[in-house]
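Colleague: Fold the following, please.
(one chain, ligands or ions: 1)
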Amino acid sequence: MQILLAGGAGFVGSHLADALLNKGYEVLVIDNLEKGSIINIQHNIGKHGFKFIKSDIMEITELKEKPDVIVNLIASKIPRYSSGYITLTKNIEVERHLLELSRKYNSRHILISTSDVYGKSTDFPLREDGDLVLGPSTSRRWCYAVSKIYNEHLSLSYMDEFGVYVTILRYFGIYGPRQHLNWWGGPVGVFIDALYNGNKVEIHGTGKQKRSFIYIDDVVKATVKVIESSNLNGEIINIGTEEEISILELARKIALLMDKQAEFKFVPYENFSKNYEDPQRRVGDIKKAQKFLGFKPEITLEEGLKKTIKWYKEQKRSE
Ligand SMILES: NC(=O)c1ccc[n+]([C@@H]2O[C@H](COP(=O)([O-])OP(=O)(O)OC[C@H]3O[C@@H](n4cnc5c(N)ncnc54)[C@H](O)[C@@H]3O)[C@@H](O)[C@H]2O)c1
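Modeller: Coordinates of the predicted model:
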């Protein structure tokens, strides 16, 4: 089986590439390295079954070999300080382009979506068939969710119109080695980096908002299962954990594990784009993943944080 990972030099994609190669599959990574890094994939370069093309995906219209599966991992995320233009246009154009490639080569298509599509829904735990509740269009932060919801509908319409096999995965907040150490990668990397460098830990809003974080290895296991399955056409599946923690507790937990004293700097939402909104809770129902994939997260938050801190310190030592 050949799998095309669009955005495969990024955080999730590079781990997915490792796992697929270990299972003996052929992996083609296409990435322009805008956010990803050659460091994430260099250990695979030259390995049997691994190919890397450094390119903007929009430039790729022909492939030498037909991929069996195309996974879209490319995304511009929540615009905290900027406009939503790039998030909206890029996410939508890339998904349309990859759906066209999937149609052309008759490849199974996996769209990586996000829990952000649930928006402000309070119907916990958030179910795949539940309502998606967004705030006003004047709040730019919803551009990310809008682009992903559009992509979900677009991919399902390709299934209806052109018979493209489509599966949608809604990832919840992921953390682990190779994650970005700024807000692009979420709070875990930001907090570890701040604590290590003796900086104040930036908390957005009150810090009372709760999230459920999932360790990268669990996400990869579930995604590999989806790649290996051929009975998931038209399915939307949450990939997350049921373990919830407030952002402030998360910062305190990381500080404790790093044996550091945390000092906080609270940043009000008004400092971001106009009408910035942040859901107060975000936890998904993972019964569907359990049923279809036999998925059960195996790494607790404490274990995962310890592994991530260890990785971070190793990076620092080798710098
Ligand atoms: N990381 C999380 O916590 C999380 C949570 C929910 C959903 N997701 C989704 O998972 C997917 C992967 O996220 P990630 O954290 O690995 O992101 P990432 O930014 O690390 O990876 C995306 C990769 O896409 C590449 N890329 C960007 N534009 C490109 C283009 N035009 N052509 C080719 N390559 C391009 C980047 O260089 C990067 O390597 C995204 O779709 C994201 O929305 C991630």
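
Colleague: Which residue ranges of the stretch 51-200 of the chain form helices?
Modeller: 85-105, 142-162, 187-196 (DSSP state H, counting those that start in this stretch).

Colleague: Nearest to the ligand, out of the ones you listed?
Modeller: helix 85-105 (5.9 Å; CB to the nearest ligand atom). The way it works is simple: take the backbone N, C-alpha and C, and place the C-beta from them, glycine included.

Colleague: follow-up on the earlier one: can I get the helices of the stretch 51-200 of the chain in JSON lines including mean pLDDT?
Modeller: Formatted as JSON lines, these follow (pLDDT from 0 to 100):
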{"stretch": "helix 85-105", "mean pLDDT": "98"}
{"stretch": "helix 142-162", "mean pLDDT": "98"}
{"stretch": "helix 187-196", "mean pLDDT": "98"}
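
Colleague: Pick the most buried one from those.
Modeller: Of all those, helix 187-196 carries the top mean neighbour count, a mean of 22, counting by mean count of other CB atoms under 10 Å.

Colleague: From the chain's centroid, how far away is that one?
Modeller: 18 Å (CA atoms, centre = their mean, to the nearest Å).

Colleague: Check what contacts the next helix or strand after it and list those residues.
Modeller: The element immediately downstream of helix 187-196 (helix or strand, assigned by DSSP states H and E) is strand 201-204. By CB atoms under 8 Å, 6 or more residues apart in numbering, the residues outside strand 201-204 that reach it are 190-191, 194-195, 247-248, 251, 255, 262-267, 269, 272, 278.

Colleague: residues contacting the residue most central in space within the chain?
Modeller: Of all residues in the chain, the one closest to the mean position by CA atoms, centre = their mean is Tyr171, 5.7 Å from it. By CB under 8 Å, 6+ apart, Tyr171 lies in contact with Val12, Ile112, Ser113, Thr114, Ser115, Ile214, Val219, Ile239, Gly240.

Colleague: what's the neighbour count on the closest residue to the last one other than its chain neighbours?
Modeller: Once its chain neighbours are removed from consideration, Gly240 has its nearest residue in Phe172; the separation is 3.1 Å (CB to CB, 6 or more residues apart in numbering). Neighbourhood size, Phe172 [other CB atoms under 10 Å]: 22.

Colleague: measure Phe172 to the ligand for me?
Modeller: Separation of Phe172 from the ligand (CB to the nearest ligand atom, to the nearest Å) stands at 7 Å.

Colleague: thought that residue was touching Arg282?
Modeller: Yes - using CB atoms under 8 Å, Phe172 is in contact with Arg282, at 6.9 Å.

Colleague: tell me, what's touching these two both at once?
Modeller: What both Phe172 and Arg282 touch, as defined by CB under 8 Å, 6+ apart, is the set Ser115, Arg211, Ser212.

Colleague: Please narrow these to those residing in strands.
Modeller: Judged by DSSP state E, those include Arg211, Ser212 as members of strands.

Colleague: Looking at the shared contacts of Phe172 and Arg282, spot the one nearest Ile86.
Modeller: Ser115 (21.0 Å; CB to CB).

Colleague: on that earlier part again, so which of the contacts of Tyr171 would count as near the ligand as well?
Modeller: By CB under 6 Å from any ligand atom, the members of these lying near the ligand are Val12, Ile112, Thr114.

Colleague: give the contact list for the last one.
Modeller: Contacts for Thr114 were tallied using CB under 8 Å, 6+ apart; they are Ala75, Tyr144, Ala145, Lys148, Arg170, Tyr171.

Colleague: if you set the cut-off to 10 Å instead, what comes out?
Modeller: 75, 77-78, 144-145, 147-149, 152, 169-173 (CB atoms under 10 Å, 6 or more residues apart in numbering).

Colleague: now swap in the second one and tell me
Modeller: Neighbour list for Ile112: 6-7, 12-13, 16, 71-75, 95, 148, 151, 168-171, 219, 223, 239 [criterion: CB under 10 Å, 6+ apart].
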